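S.K.: Sharing a model that was predicted from the sequence below.
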Amino acid sequence: MKQRLHLILTLFFAFVVQLSFAQDRTVSGTVTDSDGVPLPGVNVLMPATNTGTQTDFDGRYTVQVSAGEIIEFSYVGYETQQRVVGTANTINITMAVDAAQLDEVVVTGLAGATSRKKLSVTVNKVDAADLEVIPATSAASALQGKVAGVTVTNFGQPGSGATIQLRGATNLFGGQEPLILVDGIQVEGGIQDINTDDIASFEIVKGASASALYGSRAGNGVIVITTKRGKYNQAGPQVTIRNDLGFSQLANKIDINRSHIYELADDYQSENRYTRYAGVEYASGYTGVGRLGVTGARIPSADRYADNPFGANYDNQDIFFNTGVDNTTYASVSTASEFSNLFFSAERTQNEGIFAETGGYERYGARLNGDLQINSWLKLTTNNNYIRSNNETPGGTLDGVIFDLALSDPDVDLNAPNPDGQPYYYIPNPWAATTINPLYNLATIRENAVRNRFLGSYNLNVKFADPLNLDLEYAVESTTYNNQSLTPYTAFQTGGSLGGENVGFSYSKGGFSKENSYTLSQKAQATLNYVDTFGDLNIAGKLSYLLEDNHYEYFFGSGFDFTYQGVQSLDNFNNDRTSIGSSLQDERAQNVFAIVGLDFKDRYILDAMYRIDGSSLFGAENRWNNYYRVSTAYRISEDVQIPGIQEMKVHAALGTAGQRPGFNWQYDYTGLNSGLVSNDRVLANDQLKPSLTTEMEVGLNVNFLNRFTFEGVYAKAKTEDQFMFVDIFAPVNEGRNKQWQNVGTVEFNTLELMLNAEVIKEENYGWDLGLRYSRTRNEVKELNVDPIIVGPAGTNTPGRIFRIEEGEEFGAMYGGAFVTSLDQMARQLPTGANISDYVVNRDGVVVLASAVGTSDEKAIRRLDEDGRTWFGKIGSQNADFNLGLTSNFRYKGLNFYMLWDWKKGGDIYNRQGQWLTRDNRNAIMDQAGVAEGQKKTQDYYQSLYNANNDLEHWVEDGSFVKLREASLFYTFGRDQLSGIANGFFNSLRVGVTGRNLLTFTDYTGWDPEVQRYDSLTQNYYAIDYGVYPVSRSYNFSVQLKF
Amino acid sequence: MKNIKLTFLAAFALMFYSCDMETDLDVLNEEEPTSEELANESTADQLFQSWYNTKNNYNGPGLVTNVMADQITMSWGNMGMRDMSSEPRIEWNNSSSYGNRQATESYFNAMNAILSDANALAFGVENGMEFSDLDKYESLSRFGQGAAIGSLALIFDRVYVFDETGTLNDGEPYPFNEAILLALDKLDLAIAAADRGDFSLTEGQVYGQALSSDQWSQFLNTLAARMYANSARNAAQKAALDWDRILAYAENGLTYDFAVGQDGWNQWWPDYIGYSIYPGWGRVDMRIIGMMADDYPNYWPAGQTSLPPATSPDSRFEEYFEYLDYQDFPEDRGIYHWSTYRQKRWDHWLNSGFTTDLYEMLQAENETYKAEAHLHLGNLAEAAAVLNAMDRGGLPDVPAEAQAIADAIHYERMVELMNTGMGLGFYEMRGKDLLEPGTLLHFPIPGAALDAAGIPYYTFGGSTGTPGEDYSTGGWR
């Protein structure tokens, strides 16, 4: 039954009440700060009549009052002052800075704005000062290295941003992404296109105990982003203009095998465009690409060593990867007046990416944040952000092009044209019929996505009866997404002929698809706030009702075999060459929560909350779920003076939060595709519950020696009622073979240590160091179903190797292994064999001693006690620890910043390396230059490839140390610029930045920062296959303020 | 001023009012049907398509059975091909974590889904559900039941059967040979309804074909013959089949080639055929070339990287197969995977963007059942006559001799029926004890289903199972 928001409307008007009192005096005055500078916008309130005003530009005010009435002066960052109206008609006020508020103030997940010193849960804050040291490439990457326990993993592809994980992985199914709010908007569409220049601060709530206020959305923690607001500037509106120009390139090439095993033709040196092999005849005029003109088969050399040279050596990685231009232009205007403040910004960002023939990512955004103090008791806060982005996906699938690039032989000229003149010969390698020229698809298939997004939030604060006030908030996120993909009429397909020539490919007649989605996420919230003080006791509380309504719809149309060449339309196909489809999802939730925070004498702190969530995503039998938190803190240093320690606090919290199921998980359903019913059938589950994370957190905060700040947190948590898509036995379930169930519990614990040091703090120069350490351990404590394997699926199932099993960590890789010790070999000796027949070779693999260096040297699969192929744990993608080090050195206007990242441990399955071996391109196979007697045969390496089985051998340590970011900026101040344009400019900031400048790793792929998504579990996994490599980039930046 | 504020407030209130949020927590999943919503004619209309797509799916037994039969050769790892066609043969990894488990798991689940749909329709037929043509939909629903149960019985060692009356045999599985008879009972009902009725299948039901009820009945008869004749796991079991029943089916079987139109791999998925013939993928096993060609090896000779083109007295050799003088497969995986030929018979489909007809069942297939039935029933002259009436590429007539007849039937099945009905080469080889030693004769119920049902792990192949009944003790070499 559809219900509109009459409730909110009614509430709203109920509080629009004005009371009138007799007021017989006019009092005026000026409000200044301690330096005598007038303060505009100071709230001047008469609590008795609930009337008031604000000071003007000159800090002046005038009010009508009665004798004996109290006037209250309040301003953010200053202590509130009260004066009783006496006989004087002028009351001048000097506002004093509020020391408590000068500390970082945190609001997320709490009963009210709270000084960091008085927090009883862990909430970290990253503010503008932290963000300014280096312009971030994405909102997520801005958090990199700044907070312990925040793991940011970058995507290489432009516009993709990064994934964020707070503390440990909590969900077997359902993803680890935290709930993100931007100015109150619960962001559904990610933050990859949120402009970081607009961001004033992040508040990061890592664990369930702190995030409990957000209930069933917050099992993975919460990040609250607040954008900038207009500020008063005596000289008028402040304009900021910045331009960044730079470039990105592949940071590291992978080594490949530049030799082969085949006998060369006697005249091979006469040809430098390709390799002429013995046993093969080449037609005259053959240029080296394609099978046409080549007859016969290559003859492997008797020794089977890949040590013969190619007749040509192209650097295909150089051809495939480009230097991409990165360009950002940003402008903002900020101002504030007596009754309003405004902030406007606009930006254009372009990242070409590092793939040849691919356009990359472009983004245009505009923001208008405006606050209106309508009267003394009514304030409107608005945030409006419009973003449009164009993103060109590399032609065809990312998997396909990267796979084909990696497998290309070095003597294959990827730049050779096709017989019809199209660029990039389609199947260039005469010896690899299934390897398509990766550049052909990049150049031919055009896929472009356009996203239009609007985020808006509107908050009306009504101070209706001190100490109560009411927030009425409405937030909306609206996104349309249009993607279209064109394969031209003349694009090639494998098979057939061209112009009568049997080249092995032919015109495909092309294809075209369009897809469109529309997402509308709305939130309406009414919150009653209470803040009061009774002597030494401060109380803050909230009572809130929150409605959520998310709507998603999608449709697509596609066709293949164009009727008319050159006409790019879905109308240009026969009926039976088209397909269409659509989907629709509605999610709704109603949530209520209450929270109260107490602090006594600023040192004994207690906080408690309770929340009830109802969501349409919960099964009908479990539609309402409850969450709570209790937390406490004690500021020891307020009671005990410890030499050298300025602040010491211990805190502890216990709380719960959850994750909601996916849209269709509770239903009986099957897929429908252009009228065709899927044979995968899912059984309904009306008992489906949100997963429940319960976390206990203890922490210690110490500020010492006037220059060090330490924070240590230990959190122990468990997530029960884990989701899983479980196999069920079809014959007894009327053909249904799957069901979403709550199946078990994962426990995890995290230790986070942060140390900030102001190593040098002088007026003209200083040096700050920051250390962030975190380590997490997890274990599947309980599983009500048989163990399963999950991971990235898709063509060649690149990564279904992660086993979920009771007693095992989540992130454990499972597969087979080779025998790597003689002890193991002794346990699985073939009949009649002797252990002395075997040796461990130089790769650490047990082989037949007599076979070393011959084609009989083969890795041996490890067997279990029953003589079957061993299957067990072969690695773990979980890091041992992460350590971030920031260094910021300043000297006058100069600022030099570095961020070093150390990830210790965390394995990567190098599927790309394994595939490279299949096609004899893995660099380990290159025997040229290897001393005779030390060489190994191709057959040996093929035994390591082992038909792409999941094997311990291909698990590599993903540890790395990276100089992730470095920047050098110089800021010219107003004084230095006074001679330019009559002192028009306030500041000029110029500098250079670099990213991924240095990487120290033993990992053999392009970059150890790899992650591949699995849509079923909605998790990312350390699988190196089809991953767009993270690039190295350099930028030059100029920023002007006037 | 006050009016301005009130106007502003009213405007803001209006904005709230018009935000059009809904609060009802009972939300429908509108775009994905429930199982109950599938019990109607529309599902019946696509039962054939579901069965066809399931049977021929990449995620199915089509590829692995092709290579286990040494009919097609490929050493690529996909769908267990390398594991199961390497020599010596090994047992099937039936773990739910096996990377190629979809070769049986998807097939098992989908056939059960098809059976469930067909059961709901059969229940409707029995209980007065309204159909636009009762005979047609009875025939389709019984076809769905028979095809699903039979397809499970051809591939797996046992079948858990449920029909419109519920679970049969108290939930215990039937051995494959009993399940096949249940499938035939359902197909008999489908045939009877088709014979009784006067209807046509539309072009969407069997894509691109307009079939009369008589033509449909012929297909059902040959399908019954196919399932029964191919159900035997060894020659002894084959000899013990009710050949009169098979002959009766074949006598009423196809008098035309049962084609299935193709729509560009859009809604019709003959995947296993595609991968068996796609350049760089499947080649024709040397055994087949050796069988057809004069003086040509039937197993790749050591020390060779290429062989010259072959010649054959069978005119279909040139028509169906393409000579290639190079190899796509790595030699270290066994040069016995190498071949100098690929099947080009269906290249018209490949080169048309996958849009020309393929064949689910050729008339020739029916003729082989007819001939085989005559052979087993001792009617050698009739058997030879059936074969000699076929277009056999100009090969000499088959004499009325048992061995010659058996050889000719085998030859036709391996050559003529290649990449038509899924599994035909494998069924033919197992029924004649020709699969290489250790090759499994049927698959176990998939590991994930065993896990879900709490049934202990089991598998077949290599030396696991009962010799000759679960894995081959014969061979062709």
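M.R.: It's in.

S.K.: Wait, a strand at residue A:941?
M.R.: No. Counting by DSSP: H, G, I helix; E, B strand; the rest coil, one finds residue A:941 to be helix, located in no strand.

S.K.: Identify the residue spatially nearest to it, adjacent ones excluded.
M.R.: Once flanking residues are discounted, residue A:941 sits nearest to residue A:925: 4.7 Å by CB to CB, 6 or more residues apart in numbering or on different chains. (Each C-beta comes from the backbone N, C-alpha and C, glycine too.)

S.K.: Provide the count of other residues in contact range of the one you found.
M.R.: Close neighbours of residue A:925, defined as other CB atoms under 10 Å in any protein chain shown, add up to 27.

S.K.: Wait, it touches residue A:938, no?
M.R.: Yes. The criterion here is CB atoms under 8 Å, and residue A:925 meets it with residue A:938 at 6.5 Å.

S.K.: count of neighbours near residue A:897?
M.R.: Residue A:897 has 20 nearby residues by other CB under 10 Å.

S.K.: State the helix or strand in which it lies.
M.R.: Using DSSP states H and E, residue A:897 falls within strand A:894-905.

S.K.: in its sheet, what does that strand sit against?
M.R.: strand A:879-891 (antiparallel), strand A:960-972 (antiparallel) (DSSP bridges).

S.K.: how about these in TSV, adding distance to residue A:339, mean neighbour count and mean pLDDT?
M.R.: Shown next, in TSV, are the strands paired with strand A:894-905 (distance: least, CB to CB, whole Å; neighbours: other CB atoms under 10 Å in any protein chain shown; pLDDT from 0 to 100):
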stretch	distance to residue A:339	mean neighbour count	mean pLDDT
strand A:879-891	38	18	94
strand A:960-972	33	19	93
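
S.K.: Would you format these as a markdown table with distance to residue A:110 included?
M.R.: Output for the strands paired with strand A:894-905, formatted as a markdown table (distance: least, CB to CB, whole Å):
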| stretch | distance to residue A:110 |
| --- | --- |
| strand A:879-891 | 26 |
| strand A:960-972 | 31 |
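
S.K.: Count the neighbours of residue B:75 for me.
M.R.: Neighbour number of residue B:75 under other CB under 10 Å is 22.

S.K.: do the same with the one 4 residues further on
M.R.: Around residue B:79 there are 29 other residues, counting by other CB under 10 Å.

S.K.: Repeat that for the one 4 residues further on.
M.R.: Residue B:83: 22 surrounding residues under other CB under 10 Å.

S.K.: Three-state assignment for it, please.
M.R.: Applying three-state DSSP: residue B:83 is helix.

S.K.: which ones are touching it?
M.R.: Shown in contact with residue B:83 (CB atoms under 8 Å, 6 or more residues apart in numbering or on different chains): A:947, B:77, B:90, B:93, B:100.

S.K.: what does residue B:367 give?
M.R.: Per CB under 8 Å, 6+ apart, neighbours of residue B:367: B:250, B:386, B:387, B:389, B:390, B:412.

S.K.: In the chain, where is pLDDT below threshold?
M.R.: Using chain A here. For chain A, residues meeting the criterion pLDDT under 70 lie at A:1-23, A:35, A:76-77, A:97-103, A:396, A:795-796.

S.K.: that's the wrong chain, I meant chain B
M.R.: B:1-19.

S.K.: Quick one: the strands in it, in order.
M.R.: Ranges of strands in chain B, per DSSP state E, are B:72-73, B:158-159, B:162-163, B:166-167, B:174-175, B:200-201, B:211-212, B:258-260, B:283-284, B:321-323, B:341-343, B:358-361.

S.K.: The longest one pairs with which strands?
M.R.: For strand B:358-361, the pairing partners within the sheet under DSSP bridges are strand B:258-260 (antiparallel).

S.K.: from the contacts of residue B:367, which single one is nearest chain A?
M.R.: residue B:412 (27.1 Å; CB to the nearest CB).

S.K.: Any idea which residue is closest to the centre of the chain?
M.R.: No chain was given, so I picked chain A. residue A:163 (2.0 Å; CA atoms, centre = their mean).

S.K.: my bad, chain B
M.R.: residue B:422 (3.4 Å).

S.K.: any idea how far that residue is from residue A:344?
M.R.: 65 Å (CB to CB, to the nearest Å).

S.K.: cool, residue B:340 as well?
M.R.: For residue B:340 relative to residue A:344 (CB to CB), the value is 72 Å.

S.K.: residues in contact with the closest residue to chain A within chain B?
M.R.: In chain B, no residue comes nearer to chain A than residue B:116, which is 2.8 Å away by CB to the nearest CB. Neighbouring residues of residue B:116 by CB under 8 Å, 6+ apart: A:681, A:730, A:734, A:735, A:736, B:35, B:162.

S.K.: what about 7 Å?
M.R.: A:734, A:735 (CB atoms under 7 Å, 6 or more residues apart in numbering or on different chains).
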